[in-house]
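*Asks:* okay, sequence plus prediction incoming.
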Amino acid sequence: MNSNSDLRDRAARLMHLEEQLEDAKLDLKAAYEAAGSAGYTASALKEAIKLHRMDATKRAKIDSRQLDLEMYLAEL
């Protein structure tokens, strides 16, 4: 069985990581707000970053769907 010391160490590490995560979320929010203030559309920027980070297979599916959508819109 694990010791109380081990549990405390693990809990301290997890709490530290949670704090870092919260700080990172605040930094991201501020960065998107700054981009918005500079004239960029934050939602479009988020989507572009999301697509850029995708693996090739998922990206191909999204691109194909986008082409279909554009074709359907053109026909309407």
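*Replies:* Noted; the coordinates are in hand.
*Asks:* tell me the mean pLDDT over stretch 57-72?
*Replies:* Mean pLDDT, stretch 57-72: 94.
*Asks:* residues making contact with it?
*Replies:* Outside of stretch 57-72, the residues within contact range by Cβ atoms under 8 Å, 6 or more residues apart in numbering are 51, 54. Quick note: C-beta positions are derived from backbone N, CA and C, even for glycine.
*Asks:* again, but for stretch 33-45
*Replies:* residue 32.
*Asks:* and it, end to end?
*Replies:* End-to-end distance of stretch 33-45 (Cα to Cα, to the nearest Å): 11 Å.
*Asks:* can you say which helix or strand has residue 14 in it?
*Replies:* Per DSSP states H and E: residue 14 is located in helix 4-37.
*Asks:* so which bits of that helix are buried?
*Replies:* residue 32 (16 or more other Cβ atoms under 10 Å).
*Asks:* next secondary structure element downstream of it?
*Replies:* Downstream of helix 4-37 (by DSSP H and E), the next one is helix 42-53.
*Asks:* any idea of the mean pLDDT in that next one?
*Replies:* 95.
*Asks:* that helix to helix 4-37, inter-axis angle?
*Replies:* 120 degrees (axes from the mean of the first three to the mean of the last three Cα atoms, to 10 degrees).
*Asks:* can you tell me how far the residue most central in space within the chain is from residue 69?
*Replies:* Most central in the chain under Cα atoms, centre = their mean is residue 50, positioned 6.3 Å from the mean C-alpha point. The gap separating residue 50 from residue 69 is 17 Å, by Cβ to Cβ, to the nearest Å.
*Asks:* ok, residue 62 next?
*Replies:* To residue 69, residue 62 is 10 Å away according to Cβ to Cβ.
*Asks:* can you check residue 52 too?
*Replies:* 19 Å.
*Asks:* buried ones in the host helix or strand of residue 62?
*Replies:* Taking DSSP H and E as the definition, one finds residue 62 inside helix 56-75. Buried positions in helix 56-75, judged by neighbour count with 16+ other Cβ under 10 Å: none.
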